[in-house]
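> A predicted structure for the sequence below; I have some questions about it.
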Amino acid sequence: MQKHWLVGLIFMLGVHASGAESREARLSLAREIRDPLQNVLIVNESIQVALIKQDEEALELALRDFEVAVRNAIAVSKPIMKPHDRSHFVKLLSPLLETCVGVRSSGLAERRELLGQLLNGVSNIVRIYRVDPRFRVYFCPRDRLTWVQLRSRGEHPLSTSERSCALRAP
């Protein structure tokens, strides 16, 4: 049900367009909200680096930092955003919090799936809101994972065998 809501929101906002048209269709945010949201994306980069290096300790720290960054972005939005806009903002970020908590408490069997949900959720932020253009969305057609990264060469964060499958998403 959550995915249907998000697909509807993306379609409604016109974010399904490609290229420059897509960048223009993204929603602008006040700097007071954009900066904490971009911090979420920066911490997401730390999660991916830890996944690529298969560094469990760094991953745990990055997941904790991610929770803090998401909570901060939600808190900062309250006095600044209009209630309707904030409602969509919170609906986009709250599942990331829940998934992050799930990743930290899950066993190996469900961890990969939850990490995939987390990475896909973060990519929706970049698709919906106008953020620093250095944050790029990548896609793997084999497992249909999307993720955001700063590095210009896409590297699949969850699969060593799929590292080179990354395609730049519009």
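Yes, it's here. Numbering: from 1, shown residues only.
> all strands for this structure, in order.
With DSSP state E as the criterion, the chain has strands at 136-140, 145-149, 167-168.
> Would you point to the one among the ones you listed that's packed deepest?
Mean neighbours per residue, mean count of other Cβ atoms under 10 Å, is largest over the strands of the chain for strand 145-149, with a mean of 24. Heads up, the C-betas are built off the backbone N, CA and C, glycines and all.
> and that strand with strand 136-140, angle?
150 degrees (axes from the mean of the first three to the mean of the last three Cα atoms, to 10 degrees).
> Could you export strand 145-149 as PDB, CA atoms only?
C-alpha atoms of strand 145-149 as PDB (Å, rounded to 0.1, in the frame of the first residue of the first chain):
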ATOM      1  CA  LEU A 145      17.400  -1.700  -6.900                       C
ATOM      2  CA  THR A 146      17.700   2.100  -7.000                       C
ATOM      3  CA  TRP A 147      20.100   4.100  -4.800                       C
ATOM      4  CA  VAL A 148      21.600   7.500  -4.500                       C
ATOM      5  CA  GLN A 149      25.300   8.200  -4.500                       C
END
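> neighbouring strands for that strand, and are they parallel or not?
When pairs are called by DSSP bridges, strand 145-149 turns out to pair with strand 136-140 (antiparallel).
> Convert the partner strand to PDB, retaining C-alpha atoms only.
What follows is strand 136-140, C-alpha atoms only, in PDB (Å, rounded to 0.1, in the frame of the first residue of the first chain):
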ATOM      1  CA  ARG A 136      22.700  10.900  -8.500                       C
ATOM      2  CA  VAL A 137      20.200   8.100  -8.700                       C
ATOM      3  CA  TYR A 138      21.400   4.800 -10.000                       C
ATOM      4  CA  PHE A 139      19.500   1.700 -11.000                       C
ATOM      5  CA  CYS A 140      20.300  -2.000 -11.400                       C
END
